[in-house]
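# Sequence below, structure please.
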Amino acid sequence: MRGRRPTSWPGIAALGALALPCLCTPLGAHAGVAAHRVAGLAEVGYEDDADGLNAAKIRAGALLDYASELSHYGFAVQNTHYSAGGWSTDAPGVIGLYLNQRRDTLAGVRAEGGLVKVEGHTRAVGDVTWGFRPRERTGFELILAGDLVGTRQALEEGIAYGLAGASIEQQFGHRFTGVAMAGWQPFTDGNSRALFRARMIWSVLPEEGLSAQLRWRQYSSGDSDVPGAYFNPGRYRTWDAVLSVRRRIGDWRVYGLAGAGQERIENGSWQSTGVAEVRAEGPVGRDMHMVCRANYSNAAGFATSPDYWYGSVNVSLIVPFGR
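As a prediction, this is how the structure comes out:
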């Protein structure tokens, strides 16, 4: 096995990015909701993949100065239980939360960041997006993120990754929108990847919320020697074509996507892929807010199985208290 090179962990930067927008943008400036109170947060999730690695996640927390699901800050404790065959490990953590987004465009800040511990290693994790629109048809996003690498060997070695990126969205006419994102993904084992993603979206039936998308994703790895810890080709490319729909059903917003494409690993042949997603969110009772998500993909991820697939489900509930 190769010797480990000392690396600086960029996930701490994600925590700084979590705090900076909070100081720059007053809470509620985008959401436009006046009532503020305290709310409870509960979230459960489950993931499975072709390697047989299961991840069961539970999170509970308190949201302070709660105005809506798009305007609050708070904290949460969580634990993810990973298991495969007779092996298992836990990754408990503490997470800070901050949301301040416009309801019409979702411009603003959506951030979470904190620390988790797995197999004796403490790692920074987070997901921070700061979106702004200088013009009606143009949008930008700055992205910082980090998480554990989800394979058994990587978890045992405490390998995590970070992500720093920027994206631009441009609308062309009334029916077409292009999105491009470039990023850098460093790993705590010394590896790093250069990423590029692009989408072209065609609004087929705007009144019905039906769109068609053509998507491209690629990365190149700076170090191909990761001794089987996770899937890491020197070069990876994939494209897919999908149909998506957004609808309102009563007070609920529903989004669905399904499609197929191909992927290419190194200089190998193109192989077929498929993807499906569904998301629904809306009020429960008078004040509670629920989000339900499910995803499936058989494009390559971190697992090393040759016939890879990945699936996940997640449900979160916000329960406000007081007036």
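# Kindly check the end-to-end length of stretch 296-311 for me.
4 Å (Cα to Cα, to the nearest Å).
# how much distance is there from it to the middle of the chain?
Put simply, stretch 296-311 sits 17 Å off its chain's centre (Cα atoms, centre = their mean, to the nearest Å).
# buried ones in it?
For stretch 296-311, the neighbour count (16 or more other Cβ atoms under 10 Å) marks 297-305, 308-310 as buried. All C-beta spots, glycine's among them, are computed from the backbone N, C-alpha and C.
# Quick check: of those residues, which lies closest to R217?
Using Cβ to Cβ, A299 comes nearest to R217 of the buried residues of stretch 296-311, at 8.2 Å.
# can you pull out the strands in the stretch 201-323 of the chain?
210-221, 235-249, 252-265, 271-284, 288-297, 310-320 (DSSP state E, counting those that start in this stretch).
# Identify each buried residue in the third one, please.
Residues of strand 252-265 classed as buried: 254, 256-257, 259, 261, 263-265 (neighbour count, 16+ other Cβ under 10 Å).
# Output it as CSV, nothing but the C-alphas.
The C-alpha trace of strand 252-265 is given here as CSV (Å, rounded to 0.1, in the frame of the first residue of the first chain):
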residue,chain,number,x,y,z
TRP,A,252,-47.7,20.2,-2.4
ARG,A,253,-44.9,20.6,-4.9
VAL,A,254,-44.0,17.4,-6.8
TYR,A,255,-40.9,16.8,-9.0
GLY,A,256,-40.0,13.7,-10.9
LEU,A,257,-37.2,12.7,-13.4
ALA,A,258,-36.4,9.6,-15.4
GLY,A,259,-34.0,8.9,-18.2
ALA,A,260,-31.2,6.9,-19.7
GLY,A,261,-27.7,7.4,-21.1
GLN,A,262,-24.2,6.0,-21.3
GLU,A,263,-21.0,6.1,-19.4
ARG,A,264,-17.3,5.5,-20.4
ILE,A,265,-14.5,4.6,-18.0
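# what does that strand contact?
213, 215, 233, 235-248, 270-283, 299-300 (Cβ atoms under 8 Å, 6 or more residues apart in numbering).
# And the average pLDDT for it is what?
Model confidence over strand 252-265, given as mean pLDDT, is 97.
# now that strand against strand 288-297, angle please.
20 degrees (axes from the mean of the first three to the mean of the last three Cα atoms, to 10 degrees).
# and the nearest residue to A84 once chain neighbours are set aside, what does it touch?
When the adjacent residues along the chain are set aside, A84 lies closest to L53, with 4.6 Å between them (Cβ to Cβ, 6 or more residues apart in numbering). Going by Cβ under 8 Å, 6+ apart, L53 touches 82-84, 150-152, 303.
# Show me which of the contacts of strand 252-265 are buried.
Buried subset of the contacts of strand 252-265 (neighbour count, 16+ other Cβ under 10 Å): 213, 215, 233, 236-240, 242, 244-245, 271, 273, 275-282, 299-300.
# in the stretch 151-300 of the chain, what spans have low per-residue confidence?
Counting by pLDDT under 70, the stretch 151-300 of the chain shows low-confidence ranges at 224.
# Report the contact partners of the residue nearest the centre of the chain.
By Cα atoms, centre = their mean, the chain has its centre lying nearest to D127, at 6.8 Å. D127 makes contact with 14, 110-113, 145, 147, according to Cβ under 8 Å, 6+ apart.
# before we move on, what about G40?
Applying Cβ under 8 Å, 6+ apart, the residues contacting G40 are 60-63, 318-319, 321.
# Neighbour count, distance to D223 and pLDDT added to those, as CSV?
Below are the contacts of G40 laid out as CSV (neighbours: other Cβ atoms under 10 Å; distance: Cβ to Cβ, whole Å; pLDDT from 0 to 100):
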residue, neighbour count, distance to D223, pLDDT
A60, 13, 38, 98
G61, 21, 37, 98
A62, 16, 41, 97
L63, 25, 40, 97
I318, 22, 41, 97
V319, 17, 46, 96
F321, 12, 49, 91
